[in-house]
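Novice: Got a predicted structure plus its sequence, pasted below:
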Amino acid sequence: MTLTVCIASITVAIMIAIVLIKPYIKIGTHKLGLYWVVCFVGALVMLLTGRISLQKVFEGITANTSVNPLKILTLFLSMTLLSVYLGDAGFFDYVADSVFLKTKGGALKLFLILYAVVSILTVFTSNDVIILTFTPPICIFAKKAKISPLPFLIGEFVAANTWSMMLIIGNPTNVYLAGSAGLTFTEYLSVMWLPAIAGGITGLAVIILLFRKQLLAPVSRVAEEKPLSKHKLVKHKTPLISALIHLILCIILLAISDVIGVEMWLICLILALSLTTFDVVYDLIVEKTAYPVWRSIKKEPYELIPFVLSMFIIVLALKECGFTDLLSDLLIGGNKLDGIKFGALSALSANLLNNIPMSVLFERIIASKSIPALYGAIIGSNVGAFITPVGALAGIMWNKILGEYGVKLPFIKFIAYGSAVAIPTLLASLGALTLII
């Protein structure tokens, strides 16, 4: 057990160090993530030292169970494709520009509208896509309007990482943890709607309190002639409408997946393939050019595949040596307090491991022994993302974008703002969870 735990600990420590220093290297025009390479090497060491056998790995990856990582990855990547395609068709840019260029009034009104829009879009799409799409327009608008971008940036980041817990598709950690217990779309929603609302409202109130002076300041009008977004908006309405139809249909089918007897990963895959097919046919017949599905496919977070699979192997090795069972016996009490306990532990662990490796580890520790613990871990994996920049990969990318637009948010300042919002938000969400289960 000692050697297995040491290999896992060293792997995670090096991974976090690399994420903090330089998460990517540039090869030509392509960026290669380094964090997953460390995890891959750690998994390889586990295999070479006999901590886990190839047979056990093969059985775990191909098992016809809800915890199958291939099914979980298929679900997440398929949903991400729908969201990214919608973004490439100009939908999110159009919404962002509409919010900033057409909202009249002071900073507080603009902030509330932005928070509401980001929250709603996050619920039905993807927190990562929303964060990466809305951050540049916020930075550009704040500079032109001569106001501080921090209230809007932190509001956006908190909204995206709080309301993402509402639906099972909002975050890969939701997909992994809920999928491990075989929870259906409606079962998940029936519990998580209240913690998401409680956390979302609490986070909003704390941010307004923190930035009340900036939010009471007037906002200079910004000319509407030039979009704030990187590219022209909604040039191709047919692909955009098609993407919206596919996304809405996907969510409806996910909601009734247990009734129609079709697994969620398969529904998402079918809708992603349908959208891809439509786009290819539409391009050949109407546009005579590839738009925008190939670009969307290239933007998929493929690094998650080796990252999740490598962490899956490492955690399998920890299970084989009895370490996860030991933690399970120590931590799970079999009562409502498990939700609060695992909520706090997962939020803390997400900032030590990153929320995806944390979810893979906690899935094995919980092992469907405690439903409150499972939901608590889901809440912590979402809210923990804004305690420090390493809580989620989106935080690393978000900080990188801020640097590109000249917005300074030092590590210590991030923790100060993030913790001030995360702690009451986490408490509110976990408190609401105890009322539901």
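Specialist: Looks like it came in fine.
Novice: and the next element down the chain from the helix or strand where Phe342 lies?
Specialist: Using DSSP states H and E, Phe342 falls within helix 337-353. Heading C-terminal from helix 337-353, the first helix or strand you meet, by DSSP H and E, is helix 355-366.
Novice: how far is that next one from where the chain is centred?
Specialist: With CA atoms, centre = their mean, to the nearest Å as the basis, helix 355-366 stands 15 Å off its chain's centre.
Novice: tell me the average confidence for that helix?
Specialist: Mean pLDDT, computed over helix 355-366, is 86.
Novice: ok but Leu409 is inside a helix, no?
Specialist: No: applying DSSP: H, G, I helix; E, B strand; the rest coil, one finds Leu409 to be coil, outside a helix.
Novice: If you tally nearby residues, what's the number for it?
Specialist: By other CB atoms under 10 Å, 19 other residues sit near Leu409. (Each C-beta comes from the backbone N, C-alpha and C, glycine too.)
Novice: do Ile260 as well
Specialist: For Ile260, the neighbour count with other CB under 10 Å is 8.
Novice: Thr65 too?
Specialist: Around Thr65 there are 11 other residues, counting by other CB under 10 Å.
Novice: SS state for it?
Specialist: Under three-state DSSP, Thr65 falls in the coil class.
Novice: any idea of the pLDDT on it?
Specialist: 70.
Novice: Just want to check the distance between it and Leu345.
Specialist: 25 Å (CB to CB, to the nearest Å).
Novice: swap in Ile252?
Specialist: 35 Å.
Novice: The two: who's more crowded?
Specialist: Taking other CB under 10 Å, Ile252 and Leu345 do not tie; Leu345 has more neighbours (20 against 12).
Novice: quick one, what contacts that one?
Specialist: Residues counted as contacts of Leu345 (CB atoms under 8 Å, 6 or more residues apart in numbering) are 331, 362, 377, 380.
Novice: just these now: which is nearest Ser180?
Specialist: Distances from Ser180 to these, taken as CB to CB, are shortest for Phe362 (9.2 Å).
Novice: Next, count neighbours for the closest one.
Specialist: Neighbours of Phe362 (other CB under 10 Å): 33.
Novice: neighbours around Pro136, how many?
Specialist: Using other CB under 10 Å, the number of residues around Pro136 comes to 18.
Novice: correct me, but it touches Ile401?
Specialist: Yes: proximity of Pro136 to Ile401 meets the contact threshold set by CB atoms under 8 Å, at 6.5 Å.
Novice: pLDDT weak spots in the stretch 51-200 of the chain?
Specialist: 66-67 (pLDDT under 70).
Novice: so where do the helices sit in it?
Specialist: Along the stretch 51-200 of the chain, counting by DSSP state H, counting those that start in this stretch, helices occupy 54-62, 69-88, 91-102, 107-124, 127-145, 150-162, 172-180, 185-210.
Novice: So which of those is the most surrounded?
Specialist: Each of these was scored by mean neighbour count; the highest is helix 150-162, a mean of 28, by mean count of other CB atoms under 10 Å.
Novice: what inclination does that helix have with respect to helix 107-124?
Specialist: Angle, helix 150-162 to helix 107-124, by axes from the mean of the first three to the mean of the last three CA atoms, to 10 degrees: 20 degrees.
Novice: Run the chain-centre distance for stretch 317-335.
Specialist: With CA atoms, centre = their mean, you get 26 Å for stretch 317-335.
Novice: Identify all contacting residues around that stretch.
Specialist: Here stretch 317-335 makes contact (CB under 8 Å, 6+ apart) with 1, 4-5, 7-8, 46, 51-52, 56, 315, 338, 341-342, 345, 361, 364-367, 369-370, 372-373.
Novice: let's see 10 Å
Specialist: By CB atoms under 10 Å, 6 or more residues apart in numbering, the residues outside stretch 317-335 that reach it are 1-5, 7-8, 42-43, 45-47, 49-53, 56-57, 60, 315-316, 338, 341-342, 345, 360-367, 369-370, 372-373.
Novice: Over to stretch 250-259?
Specialist: 75, 78-79, 82, 123-125, 167-169, 182-189, 260, 262-268, 270-272, 274-275.
Novice: Now the element after the helix or strand encompassing Leu247, going C-ward?
Specialist: Assigned by DSSP H and E, Leu247 falls within helix 237-255. Per DSSP H and E, the first helix or strand lying C-terminal to helix 237-255 is helix 257-260.
Novice: Distance from the chain centre to that following helix, please.
Specialist: 25 Å.
Novice: list the buried ones in the following helix or strand past it?
Specialist: Heading C-terminal from helix 257-260, the first helix or strand you meet, by DSSP H and E, is helix 264-282. Across helix 264-282, burial judged by 16 or more other CB atoms under 10 Å covers 264-265, 267-272, 274-276, 278-279, 282.
Novice: Is it possible to get CSV of those that adds distance to Leu309 and pLDDT?
Specialist: As requested, these are exported to CSV (distance: CB to CB, whole Å; pLDDT from 0 to 100):
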residue, distance to Leu309, pLDDT
Met264, 20, 87
Trp265, 15, 88
Ile267, 22, 92
Cys268, 19, 91
Leu269, 18, 94
Ile270, 23, 95
Leu271, 24, 93
Ala272, 20, 93
Ser274, 26, 94
Leu275, 25, 92
Thr276, 24, 92
Phe278, 30, 90
Asp279, 28, 88
Tyr282, 34, 85
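Novice: Out of these, flag the one nearest to Gly384.
Specialist: Met264 (24.2 Å).
Novice: right, and that closest one touches Gly179 too?
Specialist: Yes: using CB atoms under 10 Å, Met264 is in contact with Gly179, at 7.7 Å.
Novice: neighbouring contacts of stretch 402-420?
Specialist: Contacts to stretch 402-420, defined as CB under 10 Å, 6+ apart, come from residues 20, 135-136, 138-140, 142-143, 148-151, 153-154, 157-158, 161, 206-207, 209-211, 351, 383-391, 395, 398-399, 401, 422.
Novice: and with 6 Å instead?
Specialist: With CB atoms under 6 Å, 6 or more residues apart in numbering as the test, stretch 402-420 has contacts from 139, 149, 154, 386-389.
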